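Peer 1: Have a look at this prediction, sequence included:
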Amino acid sequence: DGGITQSPKYLFRKEGQNVTLSCEQNLNHDAMYWYRQDPGQGLRLIYYSQIVNDFQKGDIAEGYSVSREKKESFPLTVTSAQKNPTAFYLCASSRGERTYEQYFGPGTRLTVT
Amino acid sequence: GNSVTQMEGPVTLSEEAFLTINCTYTATGYPSLFWYVQYPGEGLQLLLKATKADDKGSNKGFEATYRKETTSFHLEKGSVQVSDSAVYFCALSGWQISGGSNYKLTFGKGTLLTVNP
């Protein structure tokens, strides 16, 4: 089955630690995205990548970093510089040019204490 | 920049009631419009879409019509079921004034729907 996988489903970290969230897709999509979801705030774009080895900041990139070394993978690192990292993180992908709908993974809930 | 405004929830209905969730947008050019649904603890699923004015998207009994004159894309369903309980997001995709790509989605804040038996 084609789709997007995110792991783990739940992640717990201590304040001051960096943590990396995994996102893998086997849809052969060119573009991939990371969103953050907080209660009552909808989804906010963190980073996106249209092709391998290239990515752009979204609306709330501070305190996050990404890499795109393979088409299938787009990991997100939440660094200790992120002031309020506890949230639900969603990865998405889309075919790319002139195809606007995005397909989402199941999400990772990160709790930092 | 682009923005989406959808009605605030929560919305609580009885089974078989009629559903409307309002969505209006601000965008340059001719955006594509979407409704996504999120069940508890899960990611978002694309429910329906419309890519040009007067298009009607439909899926699983849900419908929405792209109205350019009123910049709206309201979600409707004639008879809701308990299984429709979820959060619904309106979204648009289009060019950003800041020069971003046309892949970026702008989301509304979501509307929680609860359907009681």
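Peer 2: Sure thing, it's come through. Note that the structure is a prediction, hence the values are computed from the model and not measured.
Peer 1: list the buried ones in stretch B:83-97?
Peer 2: For stretch B:83-97, burial by neighbour count (16 or more other CB atoms under 10 Å in any protein chain shown) applies to B:84-95. All C-beta atoms are positioned from the backbone trio N, CA, C, and that covers glycine.
Peer 1: ah, wrong one, I meant stretch B:68-80
Peer 2: By 16+ other CB under 10 Å, the buried positions in stretch B:68-80 come out as B:71-75, B:77, B:80.
Peer 1: quick one: contacts for the closest residue to B:His74 other than its chain neighbours?
Peer 2: Leaving aside its chain neighbours, B:His74 sits nearest to B:Asn22 (5.1 Å; criterion: CB to CB, 6 or more residues apart in numbering or on different chains). Shown in contact with B:Asn22 (CB atoms under 8 Å, 6 or more residues apart in numbering or on different chains): B:6-7, B:72, B:74.
Peer 1: quick one: B:Asn22 from B:Glu8, how far?
Peer 2: Counting by CB to CB, to the nearest Å, the gap from B:Asn22 to B:Glu8 is 10 Å.
Peer 1: Point out where chain B drops to low pLDDT.
Peer 2: Applying pLDDT under 70 to chain B flags the ranges B:95-103.
Peer 1: Quick one: name the residues of it near chain A.
Peer 2: Listed as neighbours of chain A in chain B under the rule CB under 8 Å from any CB of the partner chain: B:32, B:34, B:36, B:41-46, B:49, B:51, B:89, B:93, B:100-105, B:107-110.
Peer 1: Buried among these? Make that a PyMOL selection.
Peer 2: One line in PyMOL is enough to select the buried ones among these; burial here means 16+ other CB under 10 Å:
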select buried, chain B and resi 32+34+36+43+44+46+49+51+89+93+100+103+104+105+107+108+109+110
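Peer 1: what's the helix or strand for the nearest residue to A:Ser7 once chain neighbours are set aside?
Peer 2: In space, A:Ser7 comes closest to A:Ser22 once its chain neighbours are excluded; the distance is 4.8 Å by CB to CB, 6+ apart. Using DSSP states H and E, A:Ser22 sits within strand A:19-25.
Peer 1: What's the separation between the nearest residue to A:Gly40 once chain neighbours are set aside and A:Gly2?
Peer 2: Closest residue to A:Gly40 apart from its sequence neighbours, by CB to CB, 6+ apart: B:Lys109 at 6.5 Å. For B:Lys109, the distance to A:Gly2 equals 30 Å [CB to CB].
Peer 1: repeat for A:Ile51
Peer 2: For A:Ile51, the distance to A:Gly2 - CB to CB - is 20 Å.
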